[in-house]
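Colleague: With the input below, show me the fold.
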Amino acid sequence: PLKDFYKERGKMIAIDGVGKISDITARLNNAIETTLKHKYFNVVVTGKPGSGRGTQAKKLAEKYNLAYISTGKIMRQEIQQGTEFGKACKKFMDDGDLVPDEYPIRLIERVIRDNPHVNGYVFKGFPRTLVQAYILDGLLKKINSQLDVAIEMDTKTLVAIKRLSERAKTSKARSYDMNTDVIIHRLEEWQDTIKKHVSSFYASQKKLVKIDGSGEDDDVFKMVDASVSKMIDASVSEIIDIK
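Modeller: Coordinates of the predicted model:
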């Protein structure tokens, strides 16, 4: 039964156990190396606006050679370029509202398709709805993969607001950073929609890790990295079936 359990989930590797120990070991090592070459490690980094999710997601992408996917950043680029896609997204983003599911999902599909040779993907600020979470699972299954961990940057609200206010004074300012009402709206939306549904979804799968994002960037990353390293170690512990 245990063997069937892992086999049904694609976690079983069959190794021919006949022959010299050295030959069996070589086959075992080859099977593991082959598996790792084709195994993606996927991370969702979520949190309220100003939580530091983007900063930490970029650090993870750089360290582990993951494709950094920020649907918000890509949509802002589309808006700047004046594309039809960007025009469709602009009104929602200016008001601080969630963009309809179909738009970010199209972007995710495109980035995954265009980056097949990375070690995996880190999704910043996506999924934002329960529907998106289920669809992300489906997209990853298409490449024989799955989400490994969801990191929630559990940053104090006052710290997040201060960060957004400071960002509004820089060249990195977003349109919604300038409007207090929009900031409050986005924080409420995070609490009522994303945290309530998406974080709970990943918590039910035992994939959610909460990190206090209120400290300095490098200190926070040490905690994020420790959690991710632990999940990576767990993800490569495949069940090996020696005949």
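
Colleague: Pull the distance from the longest helix along the chain to the chain's centre.
Modeller: Identified as the longest helix of the chain according to DSSP state H is helix 217-235. Offset of helix 217-235 from its chain centre (Cα atoms, centre = their mean, to the nearest Å): 13 Å.

Colleague: residues near residue 231, how many?
Modeller: By other Cβ atoms under 10 Å, 15 other residues sit near residue 231. C-beta coordinates here come from the backbone N, C-alpha and C atoms, glycine included.

Colleague: any idea how far residue 31 is from it?
Modeller: 22 Å (Cβ to Cβ, to the nearest Å).

Colleague: Please name the spatially closest residue to residue 28 (chain neighbours excluded).
Modeller: Distances taken as Cβ to Cβ, 6 or more residues apart in numbering place residue 15 nearest to residue 28, at 5.5 Å, with adjacent residues excluded.

Colleague: number of nearby residues for that neighbour?
Modeller: 15.

Colleague: Phi, psi for it please.
Modeller: phi -120, psi 130 (degrees, to the nearest 10).

Colleague: Am I right that it is in contact with residue 27?
Modeller: Yes. The pair residue 15 and residue 27 qualifies as a contact (Cβ atoms under 8 Å) at a distance of 5.5 Å.

Colleague: So which residues of the chain form helices?
Modeller: Using DSSP H, helices in the chain cover 2-8, 21-37, 53-64, 71-80, 84-94, 102-114, 130-142, 157-167, 180-189, 200-204, 217-235.

Colleague: and residue 79, what does it touch?
Modeller: By Cβ atoms under 8 Å, 6 or more residues apart in numbering, the contact set of residue 79 is 86, 87, 89, 90, 93.

Colleague: now with 6 Å?
Modeller: 86, 90 (Cβ atoms under 6 Å, 6 or more residues apart in numbering).

Colleague: can you tell me how far it sits from residue 73?
Modeller: Residue 79 is 11 Å from residue 73, by Cβ to Cβ.

Colleague: Then residue 144?
Modeller: For residue 144, the distance to residue 73 equals 27 Å [Cβ to Cβ].

Colleague: Settle it for me: which of these two has more neighbours?
Modeller: residue 73 (14 against 10).

Colleague: For that one, report the pLDDT, please.
Modeller: If you check residue 73, the pLDDT there is 88.

Colleague: Next: residue 140.
Modeller: At residue 140, the pLDDT recorded in the model is 93.

Colleague: next one: residue 238
Modeller: Note on residue 238: pLDDT of 48.

Colleague: With residue 28 instead?
Modeller: At residue 28, pLDDT is 80.

Colleague: do the same with residue 116
Modeller: pLDDT for residue 116: 83.

Colleague: Any stretches of the chain with poor pLDDT?
Modeller: Residue ranges of the chain with pLDDT under 70: 1, 6-11, 32-38, 175-178, 235-243.
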